[in-house]
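Undergrad: compute the structure for the input listed below.
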Amino acid sequence: MLLALLIGVCVSSSPAYARPSDGLLVDLQGTHGYFTVLRGDDGRPVPMPRSGWRAREGRDGRMVVYPQEGWTFAEGGDGRVVVYPRSGWRLREGRDGRIVAYPQEGWTFAEGGDGRVVVYPRSGWRLREGRDERIVAYPQEGWTYAQGGDGRAVAYPRSGWRLKEGGDGRIAAYPQEGWTSTSGDRAVPYPSTSGIPLSLLFSNAGDIELALAVESGLTPQQFDDLLLMRHYQQDD
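TA: Next up, the predicted model:
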């Protein structure tokens, strides 16, 4: 549902481009193109740009997509596939069997009590572990965090953002202006207007860095596609 809502509001006659704006935020500035939608054995829909990309399904039944040129994949002990650039990146597997990829230079990692690895820039970032023992990383300046009834910590900018807790105890953060959220068991933020730029909040800095790694080989429209896709596919 979130992908459909995002695609619905991102149509504009202006040129398309997206840029990181602050830490875990990316501003989507213009139009987007078209996806084809694939499904793995787990039944989860996976949007993929129509040309220049390939798909890989892990033992867990989850499908991931990545550029045909210059990228590769690895599969962790949990059966999940991770994709990353062939050069300049390293892998780290957590105790939970999940692999994460991150740049060799300027980045590091931490592992929470739940065994999950989180990657983040070496300087200017801090960590917070929730009661569920999952770690989140966020910028030291201008950001804060909140913890929902489910024990998960969520990071968000100190100003201009609001929180909504769903019936499942999970908190969602979204901009005060131009966004709203669903009610019910899970609070799902979505844009309430067609305003541009559209701020996307990522839970993991590594997702943004992976997108930036492939930016030079994409048109601005394809890059917007990629960011929408990665935002939609954020881990549950």
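
Undergrad: list the contacts of R59.
TA: 75, 79 (Cβ atoms under 8 Å, 6 or more residues apart in numbering). C-beta: built from backbone N, CA, C; applies to glycine.

Undergrad: give me the phi and psi for it.
TA: Backbone torsions of R59, given as degrees, to the nearest 10, read phi -60, psi -20.

Undergrad: show me how far stretch 207-217 is from its chain's centre.
TA: Taking Cα atoms, centre = their mean, to the nearest Å, one finds stretch 207-217 lying 12 Å from the centre of the chain it belongs to.

Undergrad: give me the buried positions along it.
TA: Across stretch 207-217, burial judged by 16 or more other Cβ atoms under 10 Å covers 207-215.

Undergrad: same deal with stretch 117-125?
TA: Neighbour counts over stretch 117-125 (16+ other Cβ under 10 Å) mark 117-121, 125 as buried.

Undergrad: and if you look at stretch 36-54?
TA: Buried residues in stretch 36-54 (16+ other Cβ under 10 Å): 40, 46-49, 53.

Undergrad: now swap in stretch 75-84 and tell me
TA: Buried positions in stretch 75-84, judged by neighbour count with 16+ other Cβ under 10 Å: 75-76, 78, 80-84.

Undergrad: how many neighbours does R186 have?
TA: 14 (other Cβ atoms under 10 Å).

Undergrad: element containing it, please.
TA: Following DSSP states H and E, there is no helix or strand that holds R186.

Undergrad: re earlier: closest to L24 out of the buried residues of stretch 36-54?
TA: Proximity of the buried residues of stretch 36-54 to L24 (Cβ to Cβ) peaks at P47, which lies at 21.0 Å.

Undergrad: doesn't L228 make contact with the closest one?
TA: Yes. The pair P47 and L228 qualifies as a contact (Cβ atoms under 8 Å) at a distance of 7.4 Å.

Undergrad: count of residues packed around E57?
TA: Using other Cβ under 10 Å, E57 has 18 other residues around it.

Undergrad: what sits against it?
TA: Taking Cβ under 8 Å, 6+ apart, we find E57 in contact with 40-41, 63-64, 81.

Undergrad: same thing but 6 Å
TA: Residues near E57 by Cβ atoms under 6 Å, 6 or more residues apart in numbering: 40, 63.

Undergrad: distance of it from G184?
TA: E57 is 30 Å from G184, where distance means Cβ to Cβ, to the nearest Å.

Undergrad: then R98?
TA: From R98 to G184 the distance is 28 Å (Cβ to Cβ).
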